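Visitor: Sequence isn't available, so here's the structure alone:
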């Protein structure tokens with residue numbers, strides 16, 4: 001019997017001689033049954049060069065019994081017993097999903113809310129191939145600044161290095177990680193063998209995944225990207241289908257994974273002429289996933305603000321890429337999209353922060369200084385939605401973390417501030433305030449964001465008269481905080497209660513959190 005901690009990932013190996021068969025086309029599945037009756041069934045195995053692997057993660061303490069099934073006799077009928085003991089990793093909380101009580105919010109399977117704060121690093125896999133120890137150090141740096149999710153590609157070939165640019169400076173090769181050292185199929189990107197996966201590539205990716213999982217960092221995994229010069233298998237071929245199933249089989253035991261059909265999937269829509277291919281990929285992913293991970297599709301259509309495509313409707317949450325360059329507009333669009341979808345909403349790549357050291361890299365319409373990006377980020381959260389941050393020097397194939405921007409500390413402060421509120425229970429509703437943006441759990445907690453600073457008034461008519469209200473202010477660009485207590489005004493039952501900005505520079509953007517009855521006193 002193997003002892004495994006709850007939510008940990010363990011591998012069971014199988015060996016067989018399949019002769020001339022393509023081992024990547026050989027199917028093996030497993031079923032694991034808990035002693036009290038819980039079942040994980042049709043868990044697919046995968047070929048790993050000299051063996052097949054069934055990768056399992058127990059969700060409940062107790063004894064699990066597993067059994068393999070395959071048409072290949074050597075792979076059929078293997079049995080395992082797993083003693084699942086308590087989880088000792090405080091950063092690991094099981095499978096990420098939708099909060100069952102609040103369907104527009106995220107939560108882990110152990111009930112812990114998850115405040116998605118994404119960090120886009122598309123070539124993180126390539127950075128890891130080149131220098132794993134350095135990569136881990138920078139993962140830890142990013143996590144220390146509050147980011148808890150990497151948005152990344154499974155594979156991308158070339159990015160900035162081959163893209164025309166009006167910047168005449170040379171690319172700095174020591175910071176360029178495209179093309180990667182390893183391609184995900186055998187044969188290389190120029191002459192690929194799409195019938196066979198590159199096992200060395202996937203074993204390296206395994207190590208990165210295990211590190212991120214152990215840190216409790218979510219991996220929002222873009223399974224494909226169409227505009228980074230990747231030589232993918234021909235659409236809707238056996239090799240194409242096999243790729244999708246293989247990736248899902250290999251990484252579904254990691255509870256921190258979100259599946260995303262592809263970065264900027266509008267390119268698939270443009271290529272195929274409709275959404276059928278994307279919808280079919282979604283079916284393949286769900287059919288191969290025994291655990292039921294979250295599934296989404298990034299940026300399904302060009303200029304899709306305010307709309308809801310069929311892939312959006314079939315996703316567990318909407319992942320968008322909308323550039324609006326204004327805090328109020330980002331807030332409005334997030335509220336509108338959530339109203340349409342009924343699911344969580346994530347805006348991935350809404351602005352590009354100019355780096356401390358401005359190197360020759362990507363520039364876009366919403367490339368901006370750090371203070372603008374931060375103001376837009378707060379506006380998305382004030383809608384009850386989630387952002388994914390983009391930093392010029394780390395998000396594409398040019399990766400240079402130093403000098404570390406001071407702006408990243410503001411995201412640590414942002415996350416700490418929001419996690420002090422009952423975020424999953426709160427709803428974006430700007431009608432509570434005379435000016436500014438508001439997220440509210442009426443009568444219990446309020447977040448007010450003032451992108452232009454100043455004072456405002458808030459409707460506290462849902463609060464019982466005489467109830468003390470804990471108040472925390474924070475200047476979002478400096479992190480300066482001011483705390484105190486207040487009560488609602490007696491004007492119209494608290495309808496016009498003043499929120500007076502305590503900072504010397506009243507014009508700087510700020511947020512204020514209100515806890516009715518004191519912090520932690522949510523009814």
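Guide: That came in fine, so what should we check first? Predicted model, so just to flag it, every value in this text is computed and none were measured. Numbering: from 1, shown residues only.

Visitor: Which parts of the stretch 51-200 of the chain are strands?
Guide: 52-56, 62-70, 79-85, 96-98, 106-108, 113-114, 118-120, 149-153, 185-186, 193-197 (DSSP state E, counting those that start in this stretch).

Visitor: The first one relative to strand 79-85, how many degrees between them?
Guide: This means strand 52-56. 30 degrees (axes from the mean of the first three to the mean of the last three CA atoms, to 10 degrees).

Visitor: what's the answer for the second one, then?
Guide: Orientation note: strand 62-70 sits at an angle of 150 degrees relative to strand 79-85 (the same axes, to 10 degrees).

Visitor: Residue 489 against residue 500, yeah?
Guide: No - Residue 489 is beyond contact range of residue 500, at 11.6 Å (criterion: CB atoms under 8 Å). The C-beta positions use only the backbone N, C-alpha and C, and glycine is treated the same way.

Visitor: rewinding a little: mind putting the strands of the stretch 51-200 of the chain in TSV, mean pLDDT included?
Guide: As requested, the strands of the stretch 51-200 of the chain are arranged in TSV below (pLDDT from 0 to 100):
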stretch	mean pLDDT
strand 52-56	99
strand 62-70	99
strand 79-85	99
strand 96-98	99
strand 106-108	99
strand 113-114	99
strand 118-120	99
strand 149-153	99
strand 185-186	98
strand 193-197	98
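
Visitor: so which of these gets nearest residue 423?
Guide: Nearest to residue 423, of all the strands of the stretch 51-200 of the chain, is strand 113-114, at 6.7 Å by CB to CB.

Visitor: Name the surrounding residues that touch that closest one.
Guide: With CB atoms under 8 Å, 6 or more residues apart in numbering as the test, strand 113-114 has contacts from 93, 96, 99, 105, 106, 107, 108, 148, 218, 419, 423, 424.

Visitor: at 7 Å what do you get?
Guide: 96, 99, 105, 106, 107, 108, 423, 424 (CB atoms under 7 Å, 6 or more residues apart in numbering).

Visitor: Write down the beta-bridge partners of the first one, one by one.
Guide: Legend: beta-bridge partners of residue 96 under DSSP bridges are residue 108.

Visitor: could you list every residue that touches it?
Guide: 106, 108, 114, 218, 255, 256, 258, 294.

Visitor: Please identify the helix or strand for residue 233.
Guide: Using DSSP states H and E, residue 233 maps to neither a helix nor a strand.

Visitor: now do residue 29
Guide: strand 28-34.

Visitor: ok, now how distant is residue 409 from residue 353?
Guide: Applying CB to CB, to the nearest Å, the value for residue 409 to residue 353 is 14 Å.

Visitor: who has more neighbours, the two?
Guide: residue 353 (25 against 15; other CB atoms under 10 Å).

Visitor: Who's the closest spatial neighbour of that one, skipping the chain neighbours?
Guide: residue 373 (4.5 Å; CB to CB, 6 or more residues apart in numbering).

Visitor: likewise residue 116?
Guide: Counting by CB to CB, 6+ apart, the residue nearest residue 116 is residue 386, at 3.9 Å.

Visitor: Now do the contacts for that neighbour.
Guide: Residue 386 sits in contact with 116, 344, 345, 346, 380, where contact means CB under 7 Å, 6+ apart.

Visitor: Those residues: which two are farthest apart?
Guide: 344 and 380 (11.7 Å).

Visitor: Show me the contacts of residue 386 that map onto strands.
Guide: Among the contacts of residue 386, the members found in strands (DSSP state E) are 345, 346.

Visitor: Save the contacts of residue 386 as CSV, and put in pLDDT, distance to residue 15 and neighbour count too.
Guide: Formatted as CSV, the contacts of residue 386 follow (pLDDT from 0 to 100; distance: CB to CB, whole Å; neighbours: other CB atoms under 10 Å):
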residue, pLDDT, distance to residue 15, neighbour count
116, 99, 41, 22
344, 99, 43, 26
345, 98, 46, 25
346, 98, 42, 28
380, 99, 50, 24
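
Visitor: which residues of this protein score low on pLDDT?
Guide: 161-167, 520-523 (pLDDT under 70).

Visitor: switch to 80 and redo it
Guide: Applying pLDDT under 80 to the chain picks out residues 160-172, 303-306, 360, 490-495, 520-523.

Visitor: all strands for the stretch 401-523 of the chain, in order.
Guide: Using DSSP E, counting those that start in this stretch, strands in the stretch 401-523 of the chain cover 427-428, 437-441, 445-450, 456-458, 469-475, 481-486, 497-499, 510-516.

Visitor: how near is residue 123 to residue 394?
Guide: Residue 123 is 9 Å from residue 394, by CB to CB.

Visitor: Tell me which of those two has more neighbours.
Guide: residue 123 (28 against 25).

Visitor: The more buried one contacts residue 395, doesn't it?
Guide: No - Residue 123 is beyond contact range of residue 395, at 8.5 Å (criterion: CB atoms under 7 Å).

Visitor: burial measure for the residue nearest to residue 353, as a count.
Guide: There are 23 residues near residue 373, going by other CB under 10 Å.

Visitor: Test my guess that it contacts residue 351.
Guide: Yes - using CB under 7 Å, residue 373 makes contact with residue 351 at a distance of 4.7 Å.

Visitor: now, which of the contacts of strand 113-114 sits nearest residue 248?
Guide: residue 96 (15.4 Å).

Visitor: And that closest one, how far from residue 257?
Guide: Applying CB to CB to residue 96 and residue 257 gives a distance of 8 Å.

Visitor: just residue 185 next, same as before
Guide: Residue 185 is 21 Å from residue 257, by CB to CB.

Visitor: re earlier: any chance of the contacts of residue 386 in a markdown table with distance to residue 223 as columns?
Guide: Output for these, formatted as a markdown table (distance: CB to CB, whole Å):
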| residue | distance to residue 223 |
| --- | --- |
| 116 | 19 |
| 344 | 20 |
| 345 | 21 |
| 346 | 16 |
| 380 | 25 |
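
Visitor: from the contacts of residue 386, which single one is nearest residue 324?
Guide: residue 380 (10.2 Å).

Visitor: contacting residues around that closest one?
Guide: With CB under 7 Å, 6+ apart, residue 380 has these contacts: 330, 331, 334, 347, 386, 387.

Visitor: same thing with residue 329?
Guide: Contacts of residue 329 by CB under 7 Å, 6+ apart: none found.

Visitor: Which strand or helix spans it?
Guide: helix 327-341.

Visitor: Quick one: neighbours of residue 81, just the number.
Guide: Using other CB under 10 Å: residue 81 sits among 10 other residues.

Visitor: So the closest residue to it other than its chain neighbours versus residue 160, what's the distance?
Guide: Distances taken as CB to CB, 6+ apart place residue 1 nearest to residue 81, at 4.3 Å, with adjacent residues excluded. Distance, residue 1 to residue 160, using CB to CB: 51 Å.

Visitor: which one of these two has more residues nearby?
Guide: A direct count of neighbours by other CB under 10 Å for residue 1 and residue 160 places residue 160 higher, at 19 against 10.

Visitor: Am I right that the more buried one is in contact with residue 362?
Guide: Yes - the pair residue 160 / residue 362 is scored as a contact, 5.7 Å apart, by CB under 7 Å.

Visitor: Find the residues that touch each one of those two.
Guide: With CB under 7 Å, 6+ apart, residue 160 and residue 362 have common neighbours residue 396.
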